[in-house]
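Participant: sharing a sequence plus its predicted fold:
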Amino acid sequence: MNTWNDLKYKEVLVVDNKNLAKDAYILTFKRTFNFVAGQVVGLGINTLIEPRLYSIASGENDDYVEILYTEKADGKLTPMLSLLKKGDKILVSSPFGSFTENNDSPILIATGTGIAPFISMLKSGKGRAATLIHGVSFPDYFYYADYLEKELGDRYIRCCSKFYSTDYFNGRVTQYIQEHQVDPNKKYYLCGVAEMVVDTRDILISKGIPYRNILAEIYF
Amino acid sequence: MKHDLKGKKQLYGLTFSEITQIVKDEGFPAFTAKQIADWLYKKEISSISEMTNLSLKIREQLSEKYEFGLTPFTKVDVSSDGTKKYLFTTSNNKFVEAAYIPETERATLCVSTQAGCKMGCLFCMTGKQGFQGNLSTNEILNQFRSIPEFQTISNLVYMGMGEPFDNLDNVLSSLEILTSEWGYAWSPKRITVSSIGIIPAMITFLEKSNCNLAISLHNPFDDERRQLMPIQNVYPIQEVIAEIKRADLGRQQRISFEYIMFDGVNDTDKHVKALVKLLSGLKCRINLIRFHSIPLTPLKGTPDERIMEFRNALTTKGVFTTIRASRGQDIQAACGLLSTKEMGKNNS
Ligand SMILES: Cc1cc2nc3c(=O)[nH]c(=O)nc-3n(C[C@H](O)[C@H](O)[C@H](O)COP(=O)(O)OP(=O)(O)OC[C@H]3O[C@@H](n4cnc5c(N)ncnc54)[C@H](O)[C@@H]3O)c2cc1C
Ligand code: SF4
């Protein structure tokens, strides 16, 4: 559906394609463009398969670009992405879109790989006083956990829905928000699949957060 | 290609090239493809056995792997104004709705393209139910073919559940069947596809189809539209419109913009000014739509009087603007109100 003809893109070399957990990877390539945290790129392995969109997960000034992705067993592109090795060629579009802002203490809410734009934001020195709520099914998917613990301390809140542990909130992000107080003066950024975004937004609104203070990016 | 529960593939919804391929694979004479297309799209039969100009042997061979593929609706709600809302159960027990809207001179059918939707617009009931799947070409067209008013439908709008450009291949195949000589041979002028503006798919649509395009605009300001429609973060409306201006449009192809009126949100003079600027140089129309509140939405509809003023202000500034009549309110058949979330639970 998306065609490469409509996008400005470059061929770049893979520097690393690290397997983080079952089906989860970080793809790394050299940065050849400037971008703003929260932007996405179109990615592919050739022009025969339409590009898919991925949030940039690295900092604006980092030498390398990181893409955090999960392999979808029945997907078209990600099973091929997961086979990439150092030195392989990929197609990467110019960055586009906009999501995060220069907001000092936002509440960031993500599920799964939806954490990527927030990592980029923090690594770019933005939103240093942010609170980040990350929801995953199993603890292995708490991507960038060491970095986030160091960077945010108590303001890094982990929700794990399918594995019980006293280290995390046991349940979904939506349940966490339902059970905790929310501050109507903060800005809320939501990122992930549609269902989480829509449900979380409804809960926030029902708890008195003005809809104008909620921004969402959906991985459709 | 969609399969039924017995593992048979469905013929209804296939394009001519797909039918030709089947004819070739099965070793039928080449002219059979045209005969099958005629039976599928020009006549009102519902089984392979009724394709009487095909030899019995061909019909039997075809029936071993294929079925005609029509699915009856499972429920209908009738509004006091004559609007009807049809519910269809699709494969994997997905539910979708189609709204039939009769008027004096015409009758419009509003079809769905996905069960649910991934786009999460703040004001939309379909968005609230999440995404259950894409409709196949068969499932899109079946909403049109399997209602009793099929023959009276004069216009089709792809404005039901789902984002058509998130299911572009099946939407394009359905348009091909509707507008090709071998298919329903409808004029593309009678069909409008409505999208929130997924740019790459929209470009492909404008290249491949002459059907009309309606873009859900709802706010001309970047920061305000983002609060209503997450897509604005990825494909801003300003770029959507720039792309439309760049496109080589078919001579008959109409571009319109849907604008749901939210009280105090997008209905001020400032919005009129910004809309005029945004759309300058583009031959188009704006369709103002009344908003009927939905659960858990902080938005309210603009009062009628203000909608008229807004329309007049735009018209005075040279933007052709209409106000859409509210139809089927008592059965929630208005655009953006279609939702089968609860039905799914009840029927399972
Ligand atoms: C703005 C944005 C940012 C994104 N950022 C990220 C990111 O940072 N990391 C990340 O991992 N992903 C991200 N995504 C998602 C990403 O673009 C891809 O959709 C994802 O990686 C899957 O690609 P794929 O080619 O493997 O699967 P696809 O072939 O695109 O399929 C995706 C899924 O949909 C299902 N599917 C495919 N076709 C149909 C159909 N016809 N009917 C029903 N279901 C179907 C498949 O089974 C599969 O599970 C983002 C998406 C958007 C829009
Ligand atoms: S308005 Fe259209 S695109 Fe937006 S959520 Fe509803 S169905 Fe999807």
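Facilitator: Alright, I've got the coordinates. Ligands and ions are numbered 1, 2, ... in the order given.
Participant: contact partners of the longest helix anywhere in chain A?
Facilitator: Secondary structure of chain A per DSSP state H: the longest helix is helix A:194-206. With Cβ atoms under 8 Å, 6 or more residues apart in numbering or on different chains as the contact definition, helix A:194-206 has outside contacts at A:109, A:111, A:114, A:135, A:172-174, A:177-178, A:182, A:188, A:190-191, A:211, A:214, A:216-218, A:220, B:117-120, B:122, B:127-128, B:130-131, B:230, B:296-298. Backbone N, C-alpha and C define where each C-beta goes, glycine included.
Participant: over to stretch B:293-305?
Facilitator: Contacts for stretch B:293-305 (Cβ under 8 Å, 6+ apart): A:202, A:205-206, A:210-211, B:122-125, B:128, B:261-265, B:267, B:290-292, B:310, B:336-337.
Participant: out of those, which are buried?
Facilitator: A:202, A:205, A:211, B:122-125, B:128, B:261-262, B:265, B:267, B:290-291, B:310, B:336-337 (16 or more other Cβ atoms under 10 Å in any protein chain shown).
Participant: just these: which are in strands?
Facilitator: Among those, the residues falling in strands (DSSP state E) are B:M261, B:R290.
Participant: could you list which of the buried ones among the contacts of stretch B:293-305 also contact ligand 1?
Facilitator: Among those, proximity to ligand 1 is found for none (Cβ under 6 Å from any ligand atom).
Participant: go ahead and flag the most central residue of the chain.
Facilitator: Just so you know, I chose chain A. In chain A, the centroid-proximal residue (Cα atoms, centre = their mean) is A:A116; its distance is 2.3 Å.
Participant: chain B is the one I meant
Facilitator: Short answer for chain B (Cα atoms, centre = their mean): B:Y158, at 1.3 Å.
Participant: what about the helix or strand hosting B:D77, average pLDDT?
Facilitator: For B:D77, the host element (DSSP states H and E) is strand B:75-78. Averaged over strand B:75-78, pLDDT sits at 94.
Participant: would you check how far apart the residue nearest to the centre of chain B and B:T192 are?
Facilitator: 7 Å (Cβ to Cβ, to the nearest Å).
Participant: what is the neighbour count of the residue of chain A found nearest ligand 1?
Facilitator: In chain A, the residue found nearest to ligand 1 is A:G75; the distance is 2.1 Å by Cβ to the nearest ligand atom. Here the number of neighbours of A:G75 (other Cβ atoms under 10 Å in any protein chain shown) works out to 14.
Participant: can you check the pLDDT for residue 119?
Facilitator: Defaulting to chain A. What the model reports as pLDDT for A:I119 is 98.
Participant: oops, wrong one, chain B.
Facilitator: pLDDT, B:M119: 97.
Participant: show me the contact partners of stretch B:186-193.
Facilitator: With Cβ under 8 Å, 6+ apart as the criterion, stretch B:186-193 contacts B:154-159, B:164, B:171, B:175, B:178-179, B:205, B:209-214, B:250, B:252-254, B:256.
Participant: go on, stretch A:98-107?
Facilitator: Here stretch A:98-107 has contacts from A:36-39, A:55, A:117-118, A:120-121, A:126-131, A:133, A:182-183, A:186-189, A:191, A:215, A:217, B:233, B:236, using Cβ under 8 Å, 6+ apart.
Participant: residue boundaries of the strands in the chain?
Facilitator: As the question left the chain open, I've gone with chain A. So, for chain A - with DSSP E - the strands run A:9-21, A:24-30, A:40-44, A:52-55, A:64-70, A:89-93, A:107-111, A:131-136, A:156-160, A:169-170, A:188-192, A:214-218.
Participant: that's the other chain; I wanted chain B
Facilitator: B:9-10, B:66-67, B:75-78, B:84-89, B:95-102, B:107-110, B:114-116, B:131-134, B:155-158, B:191-195, B:212-216, B:255-261, B:285-290, B:320-323.
Participant: distance from the third one to the middle of the chain?
Facilitator: Its chain's average C-alpha position is 19 Å from that of strand B:75-78, according to Cα atoms, centre = their mean, to the nearest Å.
Participant: give me the helices and strands touching that strand, please.
Facilitator: Packing partners of strand B:75-78 (3 or more Cβ pairs under 8 Å, 6 or more residues apart in numbering or on different chains; DSSP states H and E): strand B:84-89.
Participant: same for the strand it packs on, what does it pack against?
Facilitator: Looks like strand B:84-89 contacts strand B:75-78, strand B:95-102, helix B:137-145 (3+ Cβ pairs under 8 Å, 6+ apart).
Participant: are any of the contacts of stretch A:98-107 buried, and which?
Facilitator: Buried among the contacts of stretch A:98-107 (16+ other Cβ under 10 Å): A:36-39, A:55, A:117-118, A:120-121, A:126-127, A:130-131, A:133, A:186-189, A:191, A:215, A:217, B:233, B:236.
Participant: circling back: adding mean neighbour count and distance to ligand 1 as columns, could you present the helices and strands packed on strand B:84-89 in TSV?
Facilitator: TSV is the format used below for the helices and strands packed on strand B:84-89 (neighbours: other Cβ atoms under 10 Å in any protein chain shown; distance: least, Cβ to the nearest ligand atom, whole Å):
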stretch	mean neighbour count	distance to ligand 1
strand B:75-78	14	24
strand B:95-102	25	13
helix B:137-145	25	11
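Participant: for those, which one sits closest to B:F31?
Facilitator: Proximity to B:F31 (Cβ to Cβ) singles out helix B:137-145 among these, at 23.6 Å.
Participant: for that closest one, give the mean pLDDT please.
Facilitator: 98.
Participant: re earlier: just the strands of chain A: most buried one?
Facilitator: Among these, strand A:107-111 has the highest mean neighbour count (mean count of other Cβ atoms under 10 Å in any protein chain shown), at a mean of 27.
Participant: quick one: mean pLDDT over the longest helix of chain A.
Facilitator: Here helix A:194-206 scores 96 as its mean pLDDT.
Participant: quick one, it and strand A:107-111 angle?
Facilitator: Orientation of helix A:194-206 against strand A:107-111 (axes from the mean of the first three to the mean of the last three Cα atoms, to 10 degrees) gives an angle of 150 degrees.
Participant: next, the angle from helix A:194-206 to strand A:214-218.
Facilitator: Going by the same axes, to 10 degrees, helix A:194-206 makes 170 degrees with strand A:214-218.
Participant: A:Y69 and A:Y54 touch, don't they?
Facilitator: Yes. Under the criterion of Cβ atoms under 8 Å, A:Y69 makes contact with A:Y54 at 6.1 Å.
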